[in-house]
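Have a look at this fold, sequence not included:
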């Protein structure tokens, strides 16, 4: 049989009992005849605790040293897991990200994988050992410093290794039984999705679904690596994420799910002169500051003033940096004022079936209206409709939309075993 890459999140290896349970599942996979490579996250909330400790020591810790600190969490997990596997009679070798050949750029805290050179992993597997790799980390191609890939990026480490090793599947083990039509913490009757396409999963992740890391799905689509999302706390079948050509279109629902995101903010640039190039000047400045923009709305210019308002959403963590950048730009642009609102949320409807089924938008907006939810901004793609609503109305909007498209299950299917969803 072929190679299987398995990834276990922090809730799966949160304590000694969890590590022993995970070790048994890994050994069972090995005994079934598979070669196994495992990627692990830090135990429980270890990464957050290390980050908090760094903040107590220094309000602005150097990125290089913060990465050095945060990668300790995964090294603890991988070593303990290797010990637990050895105790079950199987050979295991643990590797840091750099030892595993995860080569990245030099952007500390948000590095991107450039290449994987898994020579030591392949040697361990050839010797009959189970290879265990610390997720979320790599080594810079330029500086040779330790880097981290960003929150939740152990998923990306696993998929990248699966592609480099030519694995049959990448199994992502978490604390829920798969991917659901909505966050089960909001919609208790959310239904499990048995199979979903890369395309739909990318939209779900981009819209706030946290069960998979966005870059992990991008990587899987690029290299056509099937992802199997399962719970490490149960034996349920989980959800397959794969190429759309492999998804049974006859069985596919019109709508795959409802996602939400509480991490965005909105900025409105009021009174922008209606001249060619002003919008480009604004967004070029934001791009140079490394700020990603999500939704954009520009009003029609007022005839009396020849000025317009431009509103856009962005990650809340980048809000202050964006406001500072735009304030410096005022002398060049000559806008009237800046407005900032971080009490918003995004609710999105995702489904490949909406390409061929008219009326989806009307039903979505009608459901929100009936629930008394006001829409502030709208954005669409071929398979997604997103709206910005007041932060206090997110749960209401998700539940109303989920019910309007008959996504509710007749029985409670969703169980959150570990409490975090990752």
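Cool, the structure landed. All values reported here derive from a predicted model rather than from experimental measurement.

And for the helix or strand where residue 52 lies, what's in contact with it?
Assessed by DSSP states H and E, residue 52 sits inside helix 46-57. Residues outside helix 46-57 that contact it (C-beta atoms under 8 Å, 6 or more residues apart in numbering): 10, 41-42, 61, 66, 69-70, 72-73, 76, 136, 151. C-beta here means a position set from N, CA and C on the backbone, and glycine is covered the same way.

try 10 Å
By C-beta atoms under 10 Å, 6 or more residues apart in numbering, the list of residues contacting helix 46-57 from outside reads 10, 13-14, 41-43, 45, 60-62, 65-66, 69-74, 76-77, 136, 148, 151-152.

Past it, which element shows up next along the chain?
The helix or strand immediately downstream of helix 46-57 is helix 63-70, counting by DSSP H and E.

Packing partners of the very next helix or strand once past that following helix?
Per DSSP H and E, helix 63-70 leads on to helix 72-87 as the next helix or strand towards the C-terminus. With contacts defined as 3 or more C-beta pairs under 10 Å, 6 or more residues apart in numbering; DSSP states H and E, helix 72-87 has these neighbours: helix 16-31, strand 35-40, helix 46-57, strand 92-95, strand 130-134, strand 137-140, helix 154-165.

could you give the angle of the helix holding residue 52 to helix 72-87?
Between helix 46-57 and helix 72-87, the angle comes out at 150 degrees (axes from the mean of the first three to the mean of the last three C-alpha atoms, to 10 degrees).

Can you show me the helices along the stretch 201-350 of the chain?
214-223, 278-288, 319-333 (DSSP state H, counting those that start in this stretch).

Packed most tightly, which of the ones you listed would that be?
A comparison of those by mean neighbour count, using mean count of other C-beta atoms under 10 Å, puts helix 214-223 on top with a mean of 20.

tell me the angle that helix makes with helix 154-165.
If you take the same axes, to 10 degrees, helix 214-223 sits at 20 degrees to helix 154-165.

Can you spell out which helices and strands pack onto helix 214-223?
With 3+ C-beta pairs under 10 Å, 6+ apart as the test, helix 214-223 has helix 154-165, strand 169-174, helix 198-206, strand 227-231, strand 239-242 packed against it.

okay, now residue 144: neighbour count?
The number of residues packed near residue 144 is 10, by other C-beta atoms under 10 Å.

Surely it is within a strand?
No: the assignment for residue 144 by DSSP: H, G, I helix; E, B strand; the rest coil gives coil, which leaves it out of any strand.

looking at the helices of the stretch 201-350 of the chain, which is closest to residue 381?
Between residue 381 and the helices of the stretch 201-350 of the chain, the shortest separation by C-beta to C-beta is 14.6 Å, and it involves helix 214-223.

now that closest one, how far from the centre of its chain.
Centroid separation for helix 214-223 versus its chain: 11 Å, with C-alpha atoms, centre = their mean, to the nearest Å.

same check, this time on stretch 174-184
In terms of C-alpha atoms, centre = their mean, the centre of stretch 174-184 is found 13 Å from the chain centre.

Dump the helices of the stretch 201-350 of the chain to TSV, plus distance to residue 403 and mean pLDDT.
Formatted as TSV, these follow (distance: least, C-beta to C-beta, whole Å; pLDDT from 0 to 100):
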stretch	distance to residue 403	mean pLDDT
helix 214-223	27	94
helix 278-288	37	95
helix 319-333	33	95
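
could those go into CSV alongside distance to residue 360?
Converted to CSV, the helices of the stretch 201-350 of the chain look like this (distance: least, C-beta to C-beta, whole Å):
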stretch, distance to residue 360
helix 214-223, 23
helix 278-288, 30
helix 319-333, 32
